[in-house]
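S.K.: test case, fold it:
(one chain, ligands or ions: 3)
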Amino acid sequence: MSKKGILLVNLGSPKSTDVKDVKDYLDEFLMDEKVIDYRWFFRSLLVQGIILNTRPPKSAAAYKTVWTDEGSPLIVITQKIQRKLQKLVEVPVEIGMRYAEPSIETGIRKLTEQGVTEIVLFPLYPQYAMSTTETVVDKAEEVRKKHFPQVKINYVQPFYNRDIYIDCLTESIREKLPENFDALQFSYHGVPERHIYKTDPTKTCNLNDCCSRETNPSHQFCYRHQCFKTTELVIEKLNIPKEKTVISFQSRLGKDKWMEPYTDETLENLPKKGVKNLAIVCPAFVSDCLETLEEISVEGKEEFLHAGGENFHYIPCLNDEDRWIDVVKTLCEEKLNEFYLV
Ligand SMILES: C=CC1=C(C)c2cc3[nH]c(cc4nc(cc5[nH]c(cc1n2)c(C)c5CCC(=O)O)C(CCC(=O)O)=C4C)c(C)c3C=C
Ligand SMILES: [Fe+2]
Ligand SMILES: [Fe+2]
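M.R.: Ligands and ions are numbered 1, 2, ... in the order given. Now for the predicted structure:
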């Protein structure tokens, strides 16, 4: 008899805020060819020759500002999601991180030690990207083939446009929106534009209007389209005028051209356009993390206020909200049920 289990996968955080641990984490993360997609020699030159000699102390200082007694917010929240989901489903639930610990291998091992042979793996990213969903699947397949060839894995697909997710995100935002706001900004993690061209097997996306078309063959692999779609569906459900909303992309790194508009530039420009009261949400992240708690709620707020803004209201991620746990449950159950069909 086969036994089923669930593995929730998130990005991962350094072991601690020590510069050495942050450096090890950034090394593993940025040497991933799906994150910095240069040939090994050039990637190594950039990451190990430049970035790791300058960035770790700055990143460590940033991590210190968000770290809790229990550890990294991203990991603590993923553990909370795991515990809540475990109360709702009968199969074992474990977590695995793409980088650092607990790794995907650790998560799969814990499941197999409980007799699991069929795993539903849930990459906790609403929108598909080479640097998130794709690298998780690659890693899980590498680990499976090497250590657990008897195990079957069924992957939850990106859910950026699924009704249950859009309803959940909309209600969460609605509850937290301040009464008076001039604009609602949707800030997504950015990616280099090159990634989008690279992962488009149809070669029909030119990063222009095609991303906002209702249909285009590239949409399944176009992170830009998927961010636009999540935004459009939420705005529609929130029933607020499109003119009161802004989309932007944060966290760029290096000299490549990343998706525009950039969040930091947008935050500086909005007050000049009369936006004094801003609400901002980050739907590329299901759990709060360094990129939301520090880059947006602290740095972003400073940028906006410094540029003449008056009120900056950060809307937290879905984290371990019960309605989100219900969505996670439904998306996992769909994939658990598929095991019965094959
Ligand atoms: C080339 C670099 C990067 C790409 C591409 C990228 C894509 C990407 N990342 C996330 C989600 C997260 N990123 C986080 C941190 C983070 N991201 C990068 C670089 C790239 N990300 C760096 C260098 C860092 C580390 C922090 C720093 O030094 O600034 C995090 C937070 C992790 C945490 O521990 O809290 C998340 C989450 C997505 C969704 C994405 C593409 C869509
Ligand atoms: Fe990132
Ligand atoms: Fe596109």
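
S.K.: excluding chain neighbours, what is closest to residue 134?
M.R.: The shortest distance from residue 134 to any non-neighbouring residue, by CB to CB, 6 or more residues apart in numbering, is to residue 34 (5.7 Å). In short, each C-beta sits where N, CA and C put it, glycine included.

S.K.: and what of residue 313?
M.R.: In space, residue 313 is closest to residue 279, 4.5 Å off (CB to CB, 6+ apart).

S.K.: the residue nearest to residue 134 against residue 133, yeah?
M.R.: No. Here residue 34 does not reach residue 133: they are 9.7 Å apart, not a contact under CB atoms under 8 Å.

S.K.: neighbour-wise, which of the two wins?
M.R.: Neighbours per residue (other CB atoms under 10 Å) separate residue 34 from residue 133, with residue 133 holding more: 24 against 20.

S.K.: from residue 83, how far out is the residue nearest to that one when sequence neighbours are not counted?
M.R.: Counting by CB to CB, 6+ apart, residue 133 lies nearest to residue 123, which is 4.9 Å off, once chain neighbours are set aside. Distance, residue 123 to residue 83, using CB to CB, to the nearest Å: 19 Å.

S.K.: what do you get for residue 156?
M.R.: Applying CB to CB, the value for residue 156 to residue 83 is 19 Å.

S.K.: what pLDDT is listed against residue 112?
M.R.: At residue 112, the pLDDT value in this model is 98.

S.K.: how about residue 342?
M.R.: 62.

S.K.: repeat for residue 32
M.R.: Predicted confidence (pLDDT) for residue 32: 98.

S.K.: name the nearest residue to it, sequence neighbours excluded.
M.R.: Ranked by CB to CB, 6+ apart and with sequence neighbours excluded, the top spatial neighbour of residue 32 is residue 135, at 5.7 Å.

S.K.: still on that earlier bit, in which helix or strand does the residue nearest to residue 313 reside?
M.R.: Assigned by DSSP states H and E, residue 279 belongs to strand 277-281.

S.K.: which strands and helices sit next to that strand?
M.R.: strand 183-189, strand 311-315 (3 or more CB pairs under 8 Å, 6 or more residues apart in numbering; DSSP states H and E).

S.K.: strands paired with the shortest one, and their directions?
M.R.: To tie it back to what came earlier, the one meant is strand 311-315. Strand 311-315 sits in its sheet next to strand 277-281 (parallel), going by DSSP bridges.

S.K.: rewinding a little: pull the contacting residues for the residue nearest to residue 133.
M.R.: Contact partners of residue 123, counting by CB atoms under 8 Å, 6 or more residues apart in numbering, are 9, 132, 133, 136, 137, 155, 156.

S.K.: one more pass at 7 Å, please.
M.R.: 9, 132, 133, 136, 156 (CB atoms under 7 Å, 6 or more residues apart in numbering).

S.K.: how much space between it and residue 16?
M.R.: Distance from residue 123 to residue 16, by CB to CB: 25 Å.

S.K.: the residue nearest to residue 306 when sequence neighbours are not counted: how many residues sit nearby?
M.R.: Once flanking residues are discounted, residue 306 sits nearest to residue 268: 8.0 Å by CB to CB, 6+ apart. Neighbours of residue 268 under the rule other CB under 10 Å: 16.

S.K.: residue 268 is in contact with residue 307, isn't it?
M.R.: Yes. Counting by CB atoms under 7 Å, residue 268 touches residue 307, with 4.5 Å between them.

S.K.: name the residues linked to the residue nearest to residue 313 by a beta bridge.
M.R.: According to DSSP bridges, beta-bridge pairing links residue 279 with residue 184, residue 313.

S.K.: am I right that it is in contact with residue 184?
M.R.: Yes. In this structure, residue 279 is within contact of residue 184 by CB under 7 Å, at 4.9 Å.

S.K.: now the strands: where do they sit in this structure?
M.R.: 4-10, 93-97, 118-123, 152-155, 183-189, 245-250, 277-281, 311-315 (DSSP state E).

S.K.: so how far is the third one from its chain's centroid?
M.R.: This means strand 118-123. Once both centres are worked out by CA atoms, centre = their mean, to the nearest Å, strand 118-123 turns out to sit 17 Å from its chain's centre.

S.K.: what does the second one give?
M.R.: Centroid separation for strand 93-97 versus its chain: 16 Å, with CA atoms, centre = their mean.

S.K.: not counting it itself, show me its contacts.
M.R.: Looking at strand 93-97 with CB under 7 Å, 6+ apart, the contacting residues turn out to be 5-12, 78-79, 82, 85-86, 102-104, 106-108, 110-111.

S.K.: low-scoring stretches of this protein, by residue?
M.R.: For the chain, applying pLDDT under 70 flags the ranges 342.

S.K.: which elements pack onto the biggest helix by length in it?
M.R.: In the chain, with assignment by DSSP state H, the single longest helix is helix 322-341. Helix 322-341 is packed against strand 4-10, helix 73-88, strand 118-123, strand 152-155, helix 163-176, with contacts defined by 3 or more CB pairs under 7 Å, 6 or more residues apart in numbering; DSSP states H and E.
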